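>>> Output the structure for:
(one chain, ligands or ions: 1)
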Amino acid sequence: MHVLVTGGAGYIGSISVRSLLDAGHSVTVLDTLERGHREAVDARARLVVGDVGAREACLSALEGCSGVLHCAGYIDVAESMREPELYMLANAVRPATLLGAMAETGISSFVFSSTAAVYGEPQWLPITEDHALEPVNWYGRSKLAFEGLLDTNGRDLGLRSVRFRYFNAAGAWPDGSLGEAHDPETHIVPRVLAVAAAGGGEFEIFGEDYRTRDGTCVRDYVHVMDLAAAHLLALEALEGSLEGGTFNLGNGQGYTNREVVRECAQVTGVRIAETVGPRREGDPAKLLASAELARTVLGWTPRYGALSEMIAHAWAWHSAHPEGYRSA
Ligand SMILES: NC(=O)c1ccc[n+]([C@@H]2O[C@H](COP(=O)([O-])OP(=O)(O)OC[C@H]3O[C@@H](n4cnc5c(N)ncnc54)[C@H](O)[C@@H]3O)[C@@H](O)[C@H]2O)c1
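Below is the predicted model of the structure:
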């Protein structure tokens, strides 16, 4: 296969690019580089610097491709609440141009990086794909709007699409050569590991009065290498007889924020003191995925389900790259 990976200079995209290349496929990356890193793009891939909302850039990037993995987008929940329009444009409106360019070039396989944020406050656990879709922030609303566009416009254009609703992505390329480098960083594992990389200190947890086993929020972590493996399975299945589908990706196992901080201290051997601040608005107490559908339909079997392994790989990345890709 020759796959176009949008956002292939970002965290999940760059690791998916390398996984696809290692599996013997060809890759083109389309990325504006505004929130990604040229250094993260594997030298074996063709890089087109451009926007998924620009028809000419899409047509040029799609040349020779047979499928698309769409990872490009904006991911900061707090920013989405400050700038809803920016998020609707980036995540729902601009990628519509990519869909049009696919139809023009006759490419029909599409895999979309969606998110558990489309569900909002859970009504039951673990969350299955038929759960109500009531996102509580503009990030989730913008991703859901694009899922809606795939349902309507995508179908009219003859696309076959797989949407993956990732829970909390974590980890890095296992040898630490590719990893997470966001600015600002909002995800808990890289934020705790930044404290460890600085030699230790305090880490503030948002709230300890949730109805969970230690009072802090519970999240379902999924290794970025397992996300990359799911992308490959979906692209292969779309080349075959799969018409499309929506799949959660998570391990179905929850870790509290306190457990994450303690696991980071354990893996790094650095002392990290927990402090507790107020709750962060819009944080559900518990999020847990049922990924049964991905397992049964796609044959997805996560390889790195243990949080300790995700943190060990992330630490290999962060300790070698304390300034992210600027350290390289
Ligand atoms: N990281 C997570 O935990 C997580 C969880 C659920 C879903 N997701 C989804 O996965 C995808 C990738 O997340 P990530 O953590 O790798 O993000 P990231 O910010 O590291 O990467 C996104 C990439 O997209 C590029 N980009 C943004 N807008 C673009 C545009 N209009 N045209 C071309 N390129 C553009 C950026 O430059 C960046 O390289 C996102 O769509 C996100 O919504 C991520």
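
>>> mind giving me the domain split of this protein?
2-170+222-249, 188-219+252-327 (automatic domain parsing).

>>> ranking the ones you listed by burial, who's on top?
domain 2-170+222-249 (a mean of 20; mean count of other Cβ atoms under 10 Å). In short, each C-beta sits where N, CA and C put it, glycine included.

>>> End to end on it, go ahead and measure it.
Start-to-end span of domain 2-170+222-249 (Cα to Cα, to the nearest Å) is 24 Å.

>>> Poorly predicted segments of the chain, please.
Flagging of the chain using pLDDT under 70 yields the residue ranges 328.

>>> Could I get the full set of strands for it?
Along the chain, counting by DSSP state E, strands occupy 2-6, 26-31, 46-49, 67-70, 109-115, 160-166, 168-170, 201-206, 218-223, 245-249, 254-256, 272-277.

>>> export the ones you listed to JSON lines and tack on distance to the ligand?
Shown next, in JSON lines, are these (distance: least, Cβ to the nearest ligand atom, whole Å):
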{"stretch": "strand 2-6", "distance to the ligand": "6"}
{"stretch": "strand 26-31", "distance to the ligand": "4"}
{"stretch": "strand 46-49", "distance to the ligand": "9"}
{"stretch": "strand 67-70", "distance to the ligand": "7"}
{"stretch": "strand 109-115", "distance to the ligand": "3"}
{"stretch": "strand 160-166", "distance to the ligand": "4"}
{"stretch": "strand 168-170", "distance to the ligand": "3"}
{"stretch": "strand 201-206", "distance to the ligand": "17"}
{"stretch": "strand 218-223", "distance to the ligand": "8"}
{"stretch": "strand 245-249", "distance to the ligand": "9"}
{"stretch": "strand 254-256", "distance to the ligand": "14"}
{"stretch": "strand 272-277", "distance to the ligand": "21"}
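
>>> For the ones you listed, give me JSON lines that also has distance to residue 55.
Formatted as JSON lines, those follow (distance: least, Cβ to Cβ, whole Å):
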{"stretch": "strand 2-6", "distance to residue 55": "14"}
{"stretch": "strand 26-31", "distance to residue 55": "12"}
{"stretch": "strand 46-49", "distance to residue 55": "13"}
{"stretch": "strand 67-70", "distance to residue 55": "15"}
{"stretch": "strand 109-115", "distance to residue 55": "17"}
{"stretch": "strand 160-166", "distance to residue 55": "20"}
{"stretch": "strand 168-170", "distance to residue 55": "30"}
{"stretch": "strand 201-206", "distance to residue 55": "42"}
{"stretch": "strand 218-223", "distance to residue 55": "34"}
{"stretch": "strand 245-249", "distance to residue 55": "27"}
{"stretch": "strand 254-256", "distance to residue 55": "43"}
{"stretch": "strand 272-277", "distance to residue 55": "46"}
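
>>> which one of these lies closest to residue 326?
strand 26-31 (17.4 Å; Cβ to Cβ).

>>> Given the closest one, what are its sheet partners and their directions?
strand 2-6 (parallel), strand 46-49 (parallel) (DSSP bridges).

>>> what residues does the stretch 51-200 of the chain put near the ligand?
Contacts of the stretch 51-200 of the chain with the ligand, taken as Cβ under 6 Å from any ligand atom, map to 51-53, 71-73, 75, 90, 94, 113, 115, 143, 166, 168-169, 182.

>>> please redo it, this time with the cut-off set to 5 Å
For the stretch 51-200 of the chain, the contact set with the ligand under Cβ under 5 Å from any ligand atom comprises 51, 52, 71, 72, 73, 75, 94, 113, 115, 166, 169.

>>> how about the domains of the chain, which one is nearest residue 176?
Closest of those to residue 176 is domain 188-219+252-327, at 2.8 Å (criterion: Cβ to Cβ).

>>> Could you work out the end-to-end span of that closest one for me?
Using Cα to Cα, the distance between the terminal residues of domain 188-219+252-327 is 21 Å.

>>> now swap in stretch 241-249 and tell me
So stretch 241-249: terminal residues 21 Å apart, Cα to Cα.

>>> Same question for stretch 176-192.
Start and end residues of stretch 176-192 are separated by 17 Å (Cα to Cα).

>>> Same question for that stretch: list its buried residues.
Within stretch 176-192, the residues scored as buried using 16 or more other Cβ atoms under 10 Å are 176, 178, 179, 180, 181, 182, 187, 188, 189, 190, 191, 192.

>>> ok, the third one - contacts?
Shown here is residue 179, whose contacts under the criterion Cβ atoms under 8 Å, 6 or more residues apart in numbering are 11, 172, 173, 313, 314, 316, 317, 318, 321.

>>> And the fourth one, by the same measure?
By Cβ under 8 Å, 6+ apart, the residues touching residue 180 are 11, 172, 187, 189, 190, 224, 314, 317.

>>> if we can go back for a sec, please convert the strands paired with strand 26-31 to a markdown table, extending it with distance to residue 161.
Shown next, in a markdown table, are the strands paired with strand 26-31 (distance: least, Cβ to Cβ, whole Å):
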| stretch | distance to residue 161 |
| --- | --- |
| strand 2-6 | 14 |
| strand 46-49 | 22 |
